[in-house]
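J.: Requesting a structural model of the entry that follows:
(one chain, ligands or ions: 1)
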Amino acid sequence: MPEDRTTAAGGTDAGGAPAAVPAVRVEGLWKRFGEQIAVSGIDLTLPAGRFIGLVGPNGAGKTTTLSMVTGLLRPDQGRVEVAGHDVWRDPVGVKSRIGVLPEGLRLFERLSGRELLAYMGRLRGLPGAEVDKRAAQLLDVLDLAGSQHKLVVDYSTGMRKKIGLAAALLHNPEVLFLDEPFEGVDPVSAQTIRGVLERYTASGATVIFSSHVMELVESLCDWVAVMAAGRIRAQGPLAEVRGDAPSLQSAFLELVGASGRNEHESLDWLGGSSGSGSGAGTGAGGAR
Ligand SMILES: Nc1ncnc2c1ncn2[C@@H]1O[C@H](COP(=O)(O)OP(=O)(O)OP(=O)(O)O)[C@@H](O)[C@H]1O
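T.: Numbers count the residues shown, from 1 in each chain. Now for the predicted structure:
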């Protein structure tokens, strides 16, 4: 991985020279769903060539943010640039430079894995022979070669993630967005995906992925943005965001205001030590 030379604000490098074009620049981004504010006027600068984690608790606004950044959801307000191109003014310019593995990935179920990649490659404008070559290599590396003629509808959760990843990588995008790429994936497949992503970022490309698994983010990412209740609570190099905390997990709990939260008293009926046994209706003052 390259040495960090970008300030947390993403403005200049250590020598004061202008920083390279960031992978993503977000300014004043808002999204409401009725009364619910999902994303609350966030600013975000994610440098290129990094392995970036967008972390936050359930409902923090990660998926909504990624959907707006990738042009899948129109913001109420704000600006988004990907690799220097405005997502809403230059949608084709942006979409040709990105790969997306969205949450709840919908695939063409009645195609085989191989056919799906052939179709996606042609949609991306790649010549047939090139699609064939890249598809064969991706299927091989992702350990899907043996299932390439199986219909996608018959794929397992992990296989779906892997074929979705292959489709997102086929055109060799500059920036790859992944919403919870490791959810429902077994450790062997996770390791395979991880290897592919590490190889991809080592060549200078950017991976931006959302997760609430802190250990994973800590072991993979060199840059993180922490989101809670629709706002960005911290962003910067992993070591900077972690600060003096023993782990990203503790820093995260501190940042999202969940540190030291103790709810066990409201569950005093739960488990063997409560003395209330398995019977219903014993109440808080049950036999002790
Ligand atoms: N289409 C929608 N209609 C109404 N509310 C929505 C919609 N999409 C998201 N929200 C709300 O916006 C907030 C942010 O949701 P979002 O899915 O972006 O969070 P998240 O950080 O991705 O959560 P998770 O980790 O649980 O997937 C939540 O309160 C959610 O209920």
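J.: Residue 137 in helix, strand or coil?
T.: helix (DSSP: H, G, I helix; E, B strand; the rest coil).
J.: just checking, what packs against the longest helix seen in the chain?
T.: When the chain is parsed with DSSP state H, its longest helix is helix 187-202. Under the contact criterion of 3 or more C-beta pairs under 8 Å, 6 or more residues apart in numbering; DSSP states H and E, helix 187-202 touches strand 51-55, helix 128-141, helix 157-169, strand 206-211, helix 214-220. Placement of C-beta: from N, CA and C, glycine included.
J.: Can you name the residues of the stretch 1-150 of the chain sitting close to the ligand?
T.: 33, 36, 38, 56, 58, 59, 60, 61, 62, 63, 64 (C-beta under 6 Å from any ligand atom).
J.: For burial, what's the neighbour tally of the first one?
T.: To tie it back to what came earlier, the one meant is residue 33. Residues near residue 33, counting by other C-beta atoms under 10 Å, number 10.
J.: so it bridges to which residues?
T.: residue 36 (DSSP bridges).
J.: Run the chain-centre distance for stretch 30-38.
T.: A distance of 21 Å separates the centroid of the chain from that of stretch 30-38, by C-alpha atoms, centre = their mean, to the nearest Å.
J.: on that earlier part again, name only those of the residues of the stretch 1-150 of the chain next to the ligand that count as buried.
T.: Listed as buried from those are 38, 56, 60, 61, 62, 63, 64; burial here means 16 or more other C-beta atoms under 10 Å.
J.: possible to save these as JSON lines with pLDDT and secondary structure?
T.: JSON lines is the format used below for these (pLDDT from 0 to 100; DSSP: H, G, I helix; E, B strand; the rest coil):
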{"residue": "38", "pLDDT": "97", "secondary structure": "strand"}
{"residue": "56", "pLDDT": "90", "secondary structure": "coil"}
{"residue": "60", "pLDDT": "92", "secondary structure": "coil"}
{"residue": "61", "pLDDT": "94", "secondary structure": "coil"}
{"residue": "62", "pLDDT": "93", "secondary structure": "helix"}
{"residue": "63", "pLDDT": "92", "secondary structure": "helix"}
{"residue": "64", "pLDDT": "95", "secondary structure": "helix"}
